[in-house]
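Enquirer: here is the input, now give the coordinates:
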Amino acid sequence: MQTVLVAHPGSNIARRAARLRRRIAIATFLIAITGGALRVMTVTRPLNHQLANSWREADYVQIARNFDREGLNILYPRIDWRGETPGFVEMELPLTPWLAAAGYRVFGYHEQFLRVLSAAFSLFGMLLFYAIARDALSRVGALIAFAAFAFNPLLVRLSGAMQPEPLMIACIVLTAYHVFRFDRKGRAKSLLLAAAATALAGLAKAPGVYVGAILAYACLRRFGWRAFVKPIVWLSAAIAILPVFLWYDWAAHFWRDYGNSLGLSNESHWITWRLLWPPSFLRGN
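Expert: Residues are numbered from 1 along each chain as shown. The predicted model follows:
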């Protein structure tokens with residue numbers, strides 16, 4: 001007498017689901033490794049005239065070097081093109097140049113520290129984005145979203161740039177992470193951390209404050225109109241806005257007193273036809 005074994009349909013479904021999970025895990029790992037490698041590769045990029053935005057990176061190199069040579073007071077960033085002035089310049093909070101200068105004090109002068117810091121911020125933002133996608137989407141959806149972020153050409157290009165954008169983007173993603181957690185669980189801690197990350201984004205570069213709109217929406221979504229009378233909401237607003245206001249108000253006096261600015265008071269920020277015409281402007285500086 002022969003015994004015939006019949007596989008239960010549920011076991012086949014379970015095996016297929018397990019295989020899919022393994023494949024997604026492998027694909028996620030490969031995306032993380034490749035995306036990370038693309039960002040690390042930018043660290044060796046030299047600073048020269050061939051860069052489309054070499055003037056901006058040159059400013060950051062100067063500021064980091066002057067922190068190292070003339071003092072590590074983060075409140076007084078200095079540029080080389082100072083004329084007869086002390087060189088104090090209006091700009092975003094110079095966190096990246098300051099950290100690079102601190103590295104110079106320990107390891108010696110290496111301009112690439114600026115790129116290493118930017119690449120580290122970019123890697124942090126990429127991995128944190130995956131954490132958001134994993135919690136918010138299905139496995140396949142998270143994989144697709146992670147790939148889109150990891151291989152975004154602009155994000156890869158900026159990942160090693162000696163500019164404020166890598167830090168700003170990382171802080172924006174950090175804000176989104178804590179906003180998502182607040183939206184899910186309503187914890188005051190998450191709201192306060194989101195507010196702090198919003199402030200960091202705005203301090204890293206002024207456009208980063210726009211992520212505060214997401215924070216405001218999350219508060220209205222959870223509390224409705226009661227958000228306007230919630231002490232925790234007002235405290236979060238103060239944490240998000242006050243440091244940014246205080247820094248840019250402080251930095252503005254360098255423009256008023258010495259005439260030095262990195263595109264803040266010395267530029268127009270209104271959207272006009274000059275933004276689009278002539279079209280050659282769109283190719284960059």
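
Enquirer: now R139. Nearest residue, chain neighbours left out?
Expert: I24 (5.0 Å; C-beta to C-beta, 6 or more residues apart in numbering). Backbone N, C-alpha and C define where each C-beta goes, glycine included.

Enquirer: packing partners of the lowest-mean-pLDDT helix or strand in the chain?
Expert: Within the chain, no helix or strand scores below helix 9-41, which has a mean of 86 by mean pLDDT, DSSP states H and E. The contact analysis (3 or more C-beta pairs under 8 Å, 6 or more residues apart in numbering; DSSP states H and E) places helix 9-41 against helix 112-136, helix 139-150, helix 153-159.

Enquirer: of those helices, flag the one that's most buried.
Expert: Most buried of the helices and strands packed on helix 9-41, by mean neighbour count (mean count of other C-beta atoms under 10 Å): helix 112-136, with a mean of 21.

Enquirer: as a markdown table, the helices and strands packed on helix 9-41 with distance to L167 and mean pLDDT would be great.
Expert: Shown next, in a markdown table, are these (distance: least, C-beta to C-beta, whole Å; pLDDT from 0 to 100):
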| stretch | distance to L167 | mean pLDDT |
| --- | --- | --- |
| helix 112-136 | 5 | 94 |
| helix 139-150 | 17 | 94 |
| helix 153-159 | 10 | 91 |
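
Enquirer: what's the closest of those helices to V211?
Expert: Counting by C-beta to C-beta, V211 lies closest to helix 112-136 out of those; the figure is 12.5 Å.

Enquirer: F180: which of the helices and strands packed on helix 9-41 is closest?
Expert: helix 112-136 (5.6 Å).

Enquirer: what's the angle between that closest one and helix 9-41?
Expert: Orientation check (axes from the mean of the first three to the mean of the last three C-alpha atoms, to 10 degrees): helix 112-136 against helix 9-41 gives 160 degrees.

Enquirer: tell me the pLDDT of the residue sitting nearest the centre point of the chain.
Expert: The centre of the chain sits closest to I169, judged by C-alpha atoms, centre = their mean, with a distance of 1.8 Å. I169 is assigned 96 on the pLDDT scale.

Enquirer: I'd say it and L155 touch.
Expert: Yes - assessed by C-beta atoms under 8 Å, I169 is found in contact with L155 at 7.0 Å.

Enquirer: what touches both of these two?
Expert: Residues touching both I169 and L155 (C-beta atoms under 8 Å, 6 or more residues apart in numbering): S122.

Enquirer: hang on, the earlier thing: the residue nearest to R139: how many residues sit nearby?
Expert: 15 (other C-beta atoms under 10 Å).

Enquirer: list the contacts for it?
Expert: Contacts of I24 by C-beta under 8 Å, 6+ apart are R139, V140, L143.

Enquirer: then I74?
Expert: The contact partners of I74, taken as C-beta under 8 Å, 6+ apart, are F67, L93, P94, L95, W98.

Enquirer: Three-state assignment for it, please.
Expert: Three-state assignment for I74 (DSSP: H, G, I helix; E, B strand; the rest coil): coil.

Enquirer: what's the spacing between it and R184?
Expert: 35 Å (C-beta to C-beta, to the nearest Å).

Enquirer: residues in contact with A170?
Expert: A170 touches F121, S122, F124, G125, L128, counting by C-beta under 8 Å, 6+ apart.

Enquirer: now with 7 Å?
Expert: F121, S122, F124, G125 (C-beta atoms under 7 Å, 6 or more residues apart in numbering).

Enquirer: next one: L137
Expert: So L137 contacts A145 (C-beta under 7 Å, 6+ apart).

Enquirer: just checking, Q62 touches R82?
Expert: No - here Q62 lies out of contact with R82, judged by C-beta atoms under 7 Å, at a distance of 9.5 Å.

Enquirer: the more surrounded of those two?
Expert: Q62 (19 against 16).

Enquirer: tell me the SS of the nearest residue to the more buried one once chain neighbours are set aside?
Expert: Among residues not flanking Q62 along the chain, D80 sits closest, at 4.5 Å (C-beta to C-beta, 6+ apart). In three-state terms, and counting by three-state DSSP, D80 is coil.

Enquirer: re earlier: what touches both of Q62 and R82?
Expert: What both Q62 and R82 touch, as defined by C-beta under 7 Å, 6+ apart, is an empty set.
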